[in-house]
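Engineer: Structure for the following, please:
(one chain, ligands or ions: 1)
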Amino acid sequence: MRLALLGDVHFFELRMAPRRLLSKRAMGHANLVLNRRKKFAHERLPALLEHLRAQKPDRLLMSGDVTTSSLEAEFARVRTALATLDDAEHAIQTVLVPGNHDAYTFRSHRTSRMRTLLADVVPPSFPHNEPLGDRWELLALDSAVPNRIFSRGRLGAEQFAATRTVIERKRAGEGLVILCHYPCVVPRGTPSGWSHDLKEAAELRELLQASPAEIVFVHGHVHKPWFIGGPRGLRPGVRILNCGSPCMLGPRYPAGQGYWTMDLPADPTRPLNATHHVPQAGGGFASTEHAATPGRP
Ligand SMILES: [Fe+2]
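Structural biologist: Residues are numbered from 1 along each chain as shown. So this is what the prediction gives:
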């Protein structure tokens with residue numbers, strides 16, 4: 001079972017009625033988009049998706065924030081991009097969970113805009129479970145809620161209770177891949193805070209720590225790729241993979257942060273590696289396979 005893991009794409013559109021251009025909110029939105037324009041090279045996405053398709057993954061897991069302001073036009077761009085992944089020989093089953101930018105406004109959230117416009121890839125309800133081969137299971141979570149000022153995530157009592165049930169029924173020798181926009185833990189030194197974190201992060205960490213199963217927690221939100229085993233005192237069987245932001249440019253990743261693939265071993269207790277596919281400034285990709293970096297306390 002080969003997974004492809006893709007993070008915060010953040011498509012954006014600057015579209016608004018002229019009469020709204022002077023409103024404070026509209027100016028905030030314009031600022032956000034103009035800033036993003038410098039940092040995100042979306043013109044590189046088609047080549048990245050072509051490369052991803054060539055890896056022939058069985059599933060594509062997307063950790064959310066595919067848009068910037070939850071606009072219909074942004075979701076339409078996602079649909080167009082994902083359509084290029086399917087060909088006659090190989091259709092990639094995709095599961096996309098919402099990020100906070102995909103539930104950016106109360107209206108978009110209330111009207112389930114993302115679920116309606118991307119019905120093929122966003123599960124109809126959360127938590128969403130499906131088997132990934134014989135001994136692995138996927139648990140996909142919706143951690144995104146609209147928020148006027150902050151970008152704090154929340155699963156809510158009902159979803160968290162169902163999540164607890166799934167994690168607690170996992171036995172030794174079984175594997176669980178959790179897909180959630182927000183991380184439940186970040187490496188020491190990563191900026192985080194109340195307004196940016198997941199409300200239930202500490203409770204989630206406790207469940208993962210107590211479980212005897214092999215865990216891969218796949219997330220986005222923090223635009224920085226990493227693959228760590230047992231961060232911040234968690235057991236090594238809890239691996240955290242941050243997809244990063246595929247098209248975001250910066251000093252460390254001048255052509256974008258790329259995406260990941262991971263081959264789930266039939267026996268979940270066997271070694272588990274991930275391959276990071278990073279676009280190169282001169283074209284092409286550098287693909288590096290590695291085990292999870294041991295986490296620092
Ligand atoms: Fe986010």
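
Engineer: Would you mind naming what in the chain lies close to the ion?
Structural biologist: The chain comes close to the ion at residues 65, 99-100, 221, as judged by Cβ under 5 Å from the ion. Where you see a C-beta, it was placed from the backbone N, CA and C, and this is true even at glycine.

Engineer: By neighbour count, which of the residues you listed wins?
Structural biologist: Neighbour counts for those, by other Cβ atoms under 10 Å, peak at G99, which reaches 31 neighbours.

Engineer: Now for the closest residue to the ion within the stretch 101-250 of the chain: which residues touch it?
Structural biologist: With Cβ to the ion, the shortest gap between the stretch 101-250 of the chain and the ion falls at H221, namely 3.9 Å. The contact partners of H221, taken as Cβ atoms under 8 Å, 6 or more residues apart in numbering, are 8, 63-65, 99-100, 153, 181-183, 196.

Engineer: Greatest separation within the residues you listed: which pair is it?
Structural biologist: S63 and H196 (15.5 Å; Cβ to Cβ).

Engineer: Which one's more surrounded, these two?
Structural biologist: Per other Cβ under 10 Å, whichever of S63 and H196 has more neighbours is S63, with 30 against 16.

Engineer: give the contact list for the nearest residue to that one once chain neighbours are set aside.
Structural biologist: Computed as Cβ to Cβ, 6 or more residues apart in numbering, the closest residue to S63 that is not its neighbour in sequence is G220, at 3.5 Å. Contact analysis of G220 by Cβ under 8 Å, 6+ apart lists 7-8, 63-65, 99, 181, 242-245.

Engineer: follow-up on the earlier one: ok but the residue of the stretch 101-250 of the chain closest to the ion is inside a helix, no?
Structural biologist: No. Remark: H221 does not belong to a helix; assigned using DSSP: H, G, I helix; E, B strand; the rest coil, it is coil.
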